[in-house]
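Student: show me how the following folds:
(chains A, B, C and D)
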Protein chains: 2
Amino acid sequence: MALPKVGSIGEYIREQRQQAKISLRQLAEAAGVSNPYLSQIERGLRKPSAEILNQIAKGLRISSQVLYVQAGLIEDREPPSDVITAIRADAHLSERQRQVLIDIYESFRKETRAEDEQTSQNARPRHASDPDDEPLPEEYLAALEPYAAPSSNGNVTQETKEG
Amino acid sequence: MALPKVGSIGEYIREQRQQAKISLRQLAEAAGVSNPYLSQIERGLRKPSAEILNQIAKGLRISSQVLYVQAGLIEDREPPSDVITAIRADAHLSERQRQVLIDIYESFRKETRAEDEQTSQNARPRHASDPDDEPLPEEYLAALEPYAAPSSNGNVTQETKEG
DNA sequence: TCGCCGCGTTTGCAATTGCAAGCAGCGAGA
DNA sequence: TCTCGCTGCTTGCAATTGCAAACGCGGCGA
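Tutor: Numbers count the residues shown, from 1 in each chain, chains lettered A, B, ... in the order given. Predicted structure coming up:
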């Protein structure tokens, strides 16, 4: 249902606000938005941006994702079921880390499949480049480098930093 | 502050787009936004609304949540990642492979968290006696051994995100 | 040498967001 | 009665979004 239901997001916010027994102005201040604007949002006259939505969610102490779903900004809670999807959906990982994990995983899959190549239905090729003939390049080992250190150093060194 | 890094969302989109090997115009059409607007978004000149972000996510075939987190629209205090759940649920992996993947993943998480730690006090405090802090023992490297084939090409594509 | 096509970018402009200021209604206390 | 203080709502207005049109650049075939 693509239908944004712009109105319903406002109703939902109002419901939540009244359930929390706080006034429009209180929520507005807690959320850091102006009172009139919140009023218009609740009545469906304005379509708040995600930033505002996020602040309102904070003011209401509810998950912003719930609000986003209500607003139609997130399709639905689609929990990633398989490993690769989960890795891809993990926002905590850097792009490189993601790639390393995926490639290692795929290599593992291949290794296992070679051992018992009877259960391979569930396997699904993810990339156009099927890494069938390439072992893990040293890039991956480089990514693992911090862990290859002898046990004299127990700390993890960052590979990339941004600032 | 959460330091939204509004610019980084554009870079991220551009990265994803180039990784998918599609042109700006193609993505724009797939996402249903205008080409110039997408151009401005990618260069950080415009801050796209969540609606646009959602459409771009669809065009890129990636999770919109990831984009929202990148845009700072969702606090990344998300539920503990489904990556581990997915790994544990994967019947094709051996127990040792599973352990390797999980440990690598957790180490990655730790690195990233160490970077984020300045901005969010929500990060889990880590003590030195925390058993999770151990580096990967050589056992894990042994598990990776078959892939450690020393290819003579020292070609590591190092992507510096920004300077 | 043209013309054509695709790439990303720049340039105005309509539409919209989001806010400050102000308005009307209601209950409490003097 | 008047006056606070609170509720939510209406009204302009600056700032921003998002787009259509047009631009410069480079490659390719006639």
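
Student: quick check: buried residues in the longest helix along chain A?
Tutor: Longest helix in chain A by number of residues (criterion: DSSP state H): helix A:95-115. Neighbour-count burial for helix A:95-115 flags A:96-112 (criterion: 16 or more other Cβ atoms under 10 Å in any protein chain shown). Any C-beta I mention is one placed from the backbone N, CA and C, and that applies to glycine too.

Student: and the angle for that helix with helix B:95-116?
Tutor: Interaxial angle of helix A:95-115 relative to helix B:95-116 (axes from the mean of the first three to the mean of the last three Cα atoms, to 10 degrees): 180 degrees.

Student: how is chain A carved up into domains?
Tutor: Listed by automatic domain parsing, the domain ranges of chain A are A:6-71, A:83-116+A:128-146.

Student: helix or strand right after the helix or strand harbouring A:Ala28?
Tutor: Using DSSP states H and E, A:Ala28 sits in helix A:24-31. Downstream of helix A:24-31, the first helix or strand assigned by DSSP H and E is helix A:35-42.

Student: which residues sit against the helix or strand just after that following helix?
Tutor: Sequence-wise, the next helix or strand downstream of helix A:35-42 (DSSP H and E) is helix A:50-60. Identification of contacts with helix A:50-60 by Cβ atoms under 8 Å, 6 or more residues apart in numbering or on different chains yields A:9, A:13, A:16-17, A:20, A:27-28, A:30-33, A:37-38, A:41, A:48, A:63-64, A:66-68, A:71, A:73, B:49-50, B:53, B:68, B:71, B:73-75.

Student: so is helix A:50-60 next to DNA strand C?
Tutor: Yes: contact of helix A:50-60 with DNA strand C (Cβ under 7 Å from any atom of the strand) involves A:Glu51, A:Ile52.

Student: which parts of that helix are buried?
Tutor: Of the residues in helix A:50-60, A:Ala50, A:Glu51, A:Ile52, A:Leu53, A:Asn54, A:Gln55, A:Ile56, A:Ala57, A:Gly59, A:Leu60 count as buried by neighbour count, 16+ other Cβ under 10 Å.

Student: I'd like the residues you listed written out as CSV, with pLDDT added.
Tutor: Formatted as CSV, the buried residues of helix A:50-60 follow (pLDDT from 0 to 100):
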residue, pLDDT
A:Ala50, 81
A:Glu51, 86
A:Ile52, 90
A:Leu53, 90
A:Asn54, 89
A:Gln55, 91
A:Ile56, 93
A:Ala57, 91
A:Gly59, 92
A:Leu60, 89
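
Student: closest to chain B among those residues?
Tutor: A:Ala50 (3.0 Å; Cβ to the nearest Cβ).

Student: apart from its neighbours in sequence, what residue is nearest A:Leu93?
Tutor: Computed as Cβ to Cβ, 6 or more residues apart in numbering or on different chains, the closest residue to A:Leu93 that is not its neighbour in sequence is B:Phe108, at 5.8 Å.

Student: residues in contact with that neighbour?
Tutor: Contacts of B:Phe108 by Cβ under 8 Å, 6+ apart are A:His92, A:Leu93, A:Ser94, A:Gln97, A:Val100, A:Leu101.
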